[in-house]
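In: build me a model:
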Amino acid sequence: MASGGDFLTLAAGEIGKPYVYGEQGPNAFDCSGLVAWAAAQLGISLPHNAAEQQRVTTPVNTPAIGDLVFFGDPAYHVGIYAGGGQMISAPHAGANVHLGPVGTATGYGRVKGLGGISGTVATLTAAGGGLGAHAKDVVYELAFLGLGAALLGYGLWRSLDPGTRASIRTRTRLT
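Out: Next up, the predicted model:
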């Protein structure tokens, strides 16, 4: 079973692509199109409409990585929760898919068919600056997104030095 981290990683790979209303990838997306496209890559079918995505997910009070973030009821906008109060979304015309703050979400929904994560701990030790001498956080997965950025399941760490090297130790228990 795919995880919320897998779902998030797929969406993160589309960061920088333009918002175009009605598009569902692979070159441009609207908000619900990005969500539907990422889910489809994992074999999960979601409608291409924020309100319908809200209707087919299970409401949750506390979001986990990969949960959908809804605005409005019925929803008029949707993103994918990245942890640490951040989400990946295709925000509006003239903007690109990006990672940004959740802000004033009205609800969260769990996608059927995605497994959860718990008990994941990692230590990130950076050499050469950027992240500091030693950084610890609860994380699920590390994915290099280019330009020295790394997505850590429950937060985003950005290296100030794209050449920074890091060592990772993880222990993961899937639920």
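In: in the lengthiest helix in the chain, what's buried?
Out: The longest helix of the chain (DSSP state H) is helix 31-41. For helix 31-41, burial by neighbour count (16 or more other Cβ atoms under 10 Å) applies to Cys31, Ser32, Gly33, Leu34, Val35, Ala36, Trp37, Ala38, Ala39, Gln41. The C-beta positions use only the backbone N, C-alpha and C, and glycine is treated the same way.
In: other SSEs contacting it?
Out: helix 4-12, helix 50-56, strand 77-83, strand 86-89 (3 or more Cβ pairs under 8 Å, 6 or more residues apart in numbering; DSSP states H and E).
In: so which of the ones you listed gets nearest Val102?
Out: Of all the helices and strands packed on helix 31-41, strand 86-89 sits nearest to Val102, with 5.1 Å by Cβ to Cβ.
In: and that closest one, which strands flank it?
Out: Strand pairing for strand 86-89, using DSSP bridges, gives strand 77-83 (antiparallel), strand 98-101 (antiparallel).
In: for it, give me every contacting residue.
Out: For strand 86-89, contacts defined as Cβ atoms under 8 Å, 6 or more residues apart in numbering pick out 8, 11-12, 14-15, 31, 34, 69, 77-82, 97-102, 155-156.
In: do the same with stretch 64-75
Out: Against stretch 64-75 from outside (Cβ under 8 Å, 6+ apart): 3-8, 35, 50-51, 53-55, 57, 60, 63, 77-83, 87, 89, 102, 104-111, 114, 116-117, 140, 153-154.
In: run the last query once more with 6 Å
Out: When contacts are defined by Cβ atoms under 6 Å, 6 or more residues apart in numbering, stretch 64-75 is touched by residues 4-5, 7-8, 50-51, 54, 57, 77-79, 81, 83, 87, 102, 105-110, 114, 116, 140, 153.
In: could you work out the end-to-end span of it for me?
Out: Across stretch 64-75, the terminal residues are separated by 19 Å (Cα to Cα, to the nearest Å).
In: any stretches of the protein with poor pLDDT?
Out: 116-175 (pLDDT under 70).
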